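1. coordinates only, no sequence provided:
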């Protein structure tokens, strides 16, 4: 049961860190009438994104995809779904699969969604990136375990905000996948 609990904590943190609840802000200027003295609109920049910026975006997408895939599989504790390998590989994929298997074995399912806010902290090498390190403050408050047989909440430890670090690497086929991640205890987020 100790292995299950530590794996659960790791996955809960990751799921929370996955950033599945990102929001975007937009502005609607259509209600503001144009003035005769207003400046002409600024043309959008045609500067191409740098290789580092592209790598950061692709790594972040893979990281969020990993949490989304895991949250979907956790609704039935399906540790064998091929979907898990779309955005995770190596140690990260093994950790997720083992955690879902432990939930299946223990008769648990997970409901809800983790909330993640990943931020790239390093890209290597800058000129042709193959590795991106992300940090996240994942929130598992609304991503909880339940007994599969009766739907009652499972007492599987605290949920909440956790610090998460992940390494995302470019594969030979050009895709980006999470290779490892570490989830810290509830309350470990600094921001």
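-> Arrived safely, thanks for sending. Everything quoted here is computed from the prediction, not taken from an experiment.
2. longest helix of the chain?
-> Taking DSSP state H as the criterion, the chain has its longest helix at helix 51-74.
3. which strands or helices does that helix pack on?
-> With contacts taken as 3 or more C-beta pairs under 8 Å, 6 or more residues apart in numbering; DSSP states H and E, helix 51-74 sits against helix 2-17, helix 90-105, strand 108-112, strand 119-124, strand 131-139, strand 161-170, strand 176-186. In short, each C-beta sits where N, CA and C put it, glycine included.
4. check which residues of it are buried.
-> By 16 or more other C-beta atoms under 10 Å, the buried positions in helix 51-74 come out as 52, 55-56, 58-60, 62-71, 73-74.
5. just stretch 83-99 next, same as before
-> Those would be 84, 86-89, 92-93, 95-99, for stretch 83-99 by 16+ other C-beta under 10 Å.
6. enumerate every residue touching residue 75.
-> 109-111 (C-beta atoms under 8 Å, 6 or more residues apart in numbering).
7. which stretches of the protein have low pLDDT?
-> Along the chain, the parts satisfying pLDDT under 70 run over 1-46, 191.
8. re the thing from before, from the chain's centre, how far out does the longest helix of the chain sit?
-> Remark: helix 51-74 is offset 6 Å from the chain centroid, using C-alpha atoms, centre = their mean, to the nearest Å.
9. need the buried residues of stretch 83-99 in JSON lines with distance to residue 125, can you?
-> Shown next, in JSON lines, are these (distance: C-beta to C-beta, whole Å):
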{"residue": "84", "distance to residue 125": "29"}
{"residue": "86", "distance to residue 125": "26"}
{"residue": "87", "distance to residue 125": "23"}
{"residue": "88", "distance to residue 125": "23"}
{"residue": "89", "distance to residue 125": "21"}
{"residue": "92", "distance to residue 125": "22"}
{"residue": "93", "distance to residue 125": "25"}
{"residue": "95", "distance to residue 125": "27"}
{"residue": "96", "distance to residue 125": "28"}
{"residue": "97", "distance to residue 125": "31"}
{"residue": "98", "distance to residue 125": "32"}
{"residue": "99", "distance to residue 125": "33"}
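10. since that was my last question, I'll sign off now.
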